[in-house]
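Asker: Make a model of this:
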Amino acid sequence: MPVLVVAVAARAFYFLLLCPSFVTPLSPSSDGGTKRRNFINVATRNAAAAAAAAFPLLVSAESRSPKIALAADEDVTNISEEENVQTMREIKSQIDSKEVYWSNFDQSENISWSKYRYRSSTLSNSNIEIPAIPPAAPPTAYPLWMEGYWKVSYKFRQATFPQGRKILSLRTPGAGIGTCLSLPNVGANPPIFSLRYLKQNGSGITYDDLAYNIPRKFEAFWPQSKVLSVQTNGGITKDIYSSLTPKCFVDGNGCSPAENSKLHLPSSQFAMEFTGPTRSSGRLTQTSELTLVDGIRSSILEGESQYASVKNYSQYNANQDLQAFFKEILTFDQRSEDQIIGRVRVAAFLPYFIKCLDQLDSRDSDKTVHDEEKAVALYDYDLSMKRIDIEEAAQI
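Answerer: Sure, this is the predicted structure:
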């Protein structure tokens, strides 16, 4: 299997990146720009109206949102300041550590990867007893001061490989573009893009609007791609196998509040269709599915200006038959009402059952022993966020 080693000067890294079965960038395409001005071609008189027409920007999720349990939400009023500081310290230690484990703070038990696996290429409901999707964790909560629209800049810091390069596989999350939705193109410094966080009714916390945020991040990191449709499990209840919303399409069909009232509610599962260039088959329509399988955050206390979270994800790209597992570690520091700086680290994992897929016969092949519960790659980025209004968000 051919391998391309990419060198990106002093700032970048050497990494396995190219494989015929993986999505890889070709020459820039005219329809794959990072700006979403063509997501729906609607002539409007002002920026606010344009924003309302753009996908999927202005469903009134704030007024519609019922009280949905978010990760660690029930502990907000019960946790002590000392416990909160300790949790923050533990999370931050993972963003600087040379080793990161799949389990958050306890490596005493062996991982059962099977419970996190996708068992089909779709997130659609099934009548079979074993669900096709991994069980979803509750959506992650964010502090109230993150509510609103933000202009976001990501800057690549480094990539490291704690267990060495020899055990790396092209099935490692981040080895191919689009194989890790937290960082869709590892090593790239994307242009500025917008994010949105919505307020959870009746609480002092906000949540990540997946239907708005993931497509914008994806296209910013990979300008040659174009998202065609999205779905979430918005409005997830105690049913951890909650169904997905209807598809919201690039042309606006299925995106209105009347057609898709739960699209922008708190979510922990996401599915999208997109087009992107491939090495040998031109532009193809592809699918990617993502589930938050575990999450923890530092509890949000009144007056806090710092935030940290850990999220464990399972992702499935059907076209490559690629199952990926990765952890996102995120820290925010509110410098002012309108400015946040932070760091994001993604830890990529390579379970044995995935590693063995690259070997004709795992019993007879020479295998490099590695710890499947410990990350095989760590990708680090700095980020900065500046508060903007809806009109400015519509222009990005």
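
Asker: by contact count, what packs against the longest helix anywhere in the chain?
Answerer: Criterion DSSP state H: the longest helix present in the chain is helix 81-96. Applying 3 or more C-beta pairs under 8 Å, 6 or more residues apart in numbering; DSSP states H and E, one finds that helix 81-96 contacts strand 282-297, strand 306-317, strand 322-336, strand 339-349. The C-beta positions use only the backbone N, C-alpha and C, and glycine is treated the same way.

Asker: how about TSV for these, with distance to E219, mean pLDDT and mean neighbour count added?
Answerer: Listed next are those as TSV, based on distance: least, C-beta to C-beta, whole Å; pLDDT from 0 to 100; neighbours: other C-beta atoms under 10 Å:
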stretch	distance to E219	mean pLDDT	mean neighbour count
strand 282-297	13	92	20
strand 306-317	16	95	22
strand 322-336	19	96	20
strand 339-349	18	98	22
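
Asker: looking at these, which is closest to L357?
Answerer: L357 lies closest to strand 322-336 among those, at 9.0 Å (C-beta to C-beta).

Asker: what's the helix or strand where E392 lies packed up against?
Answerer: Element membership of E392 [criterion: DSSP states H and E] is helix 390-395. Other elements packing on helix 390-395 under the criterion 3+ C-beta pairs under 8 Å, 6+ apart are helix 47-53, strand 148-160.

Asker: any idea which of those scores lowest on pLDDT?
Answerer: When these are compared on average pLDDT, helix 47-53 comes out lowest at a mean of 39.

Asker: ok, which stretches of the stretch 51-200 of the chain are strands?
Answerer: For the stretch 51-200 of the chain, the strands defined by DSSP state E, counting those that start in this stretch cover 141-143, 148-160, 193-199.

Asker: Return the list of helices and strands in contact with the last one.
Answerer: Okay, so that is strand 193-199. helix 61-64, strand 148-160, strand 205-208, helix 210-221.

Asker: Can you dump the C-alpha atoms of stretch 307-322 in PDB for me?
Answerer: Taking C-alpha atoms only, stretch 307-322 is exported to PDB below (Å, rounded to 0.1, in the frame of the first residue of the first chain):
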ATOM      1  CA  TYR A 307     -13.500  25.800  30.800                       C
ATOM      2  CA  ALA A 308     -12.200  22.300  29.900                       C
ATOM      3  CA  SER A 309     -13.800  19.200  28.500                       C
ATOM      4  CA  VAL A 310     -12.900  15.700  27.300                       C
ATOM      5  CA  LYS A 311     -15.000  13.900  24.700                       C
ATOM      6  CA  ASN A 312     -14.500  10.400  23.300                       C
ATOM      7  CA  TYR A 313     -15.800   9.900  19.800                       C
ATOM      8  CA  SER A 314     -16.600   7.000  17.500                       C
ATOM      9  CA  GLN A 315     -16.600   7.900  13.800                       C
ATOM     10  CA  TYR A 316     -17.600   5.800  10.700                       C
ATOM     11  CA  ASN A 317     -16.800   6.700   7.100                       C
ATOM     12  CA  ALA A 318     -18.800   4.200   5.000                       C
ATOM     13  CA  ASN A 319     -17.000   4.800   1.700                       C
ATOM     14  CA  GLN A 320     -13.700   3.800   3.200                       C
ATOM     15  CA  ASP A 321     -15.300   1.300   5.600                       C
ATOM     16  CA  LEU A 322     -13.300   3.100   8.200                       C
END
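
Asker: related to what we said a few turns ago, can you redo the strands of the stretch 51-200 of the chain as JSON lines with mean neighbour count and distance to S169?
Answerer: As requested, the strands of the stretch 51-200 of the chain are arranged in JSON lines below (neighbours: other C-beta atoms under 10 Å; distance: least, C-beta to C-beta, whole Å):
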{"stretch": "strand 141-143", "mean neighbour count": "24", "distance to S169": "33"}
{"stretch": "strand 148-160", "mean neighbour count": "18", "distance to S169": "15"}
{"stretch": "strand 193-199", "mean neighbour count": "22", "distance to S169": "30"}
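
Asker: looking at the helices and strands packed on strand 193-199, which is closest to G252?
Answerer: Using C-beta to C-beta, the helices and strands packed on strand 193-199 put helix 210-221 closest to G252, at 13.2 Å.

Asker: List the buried residues of that closest one.
Answerer: Within helix 210-221, the residues scored as buried using 16 or more other C-beta atoms under 10 Å are 210-221.

Asker: CA atoms of it as PDB?
Answerer: Extracted C-alpha coordinates of helix 210-221, given in PDB (Å, rounded to 0.1, in the frame of the first residue of the first chain):
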ATOM      1  CA  LEU A 210     -23.500  20.500  15.700                       C
ATOM      2  CA  ALA A 211     -25.600  21.100  12.600                       C
ATOM      3  CA  TYR A 212     -24.100  24.600  12.300                       C
ATOM      4  CA  ASN A 213     -20.600  24.000  13.500                       C
ATOM      5  CA  ILE A 214     -19.300  20.800  12.000                       C
ATOM      6  CA  PRO A 215     -20.000  21.700   8.300                       C
ATOM      7  CA  ARG A 216     -18.200  25.000   8.700                       C
ATOM      8  CA  LYS A 217     -15.200  23.500  10.400                       C
ATOM      9  CA  PHE A 218     -15.100  20.700   7.800                       C
ATOM     10  CA  GLU A 219     -15.100  23.000   4.800                       C
ATOM     11  CA  ALA A 220     -12.600  25.400   6.400                       C
ATOM     12  CA  PHE A 221     -10.100  22.600   7.000                       C
END
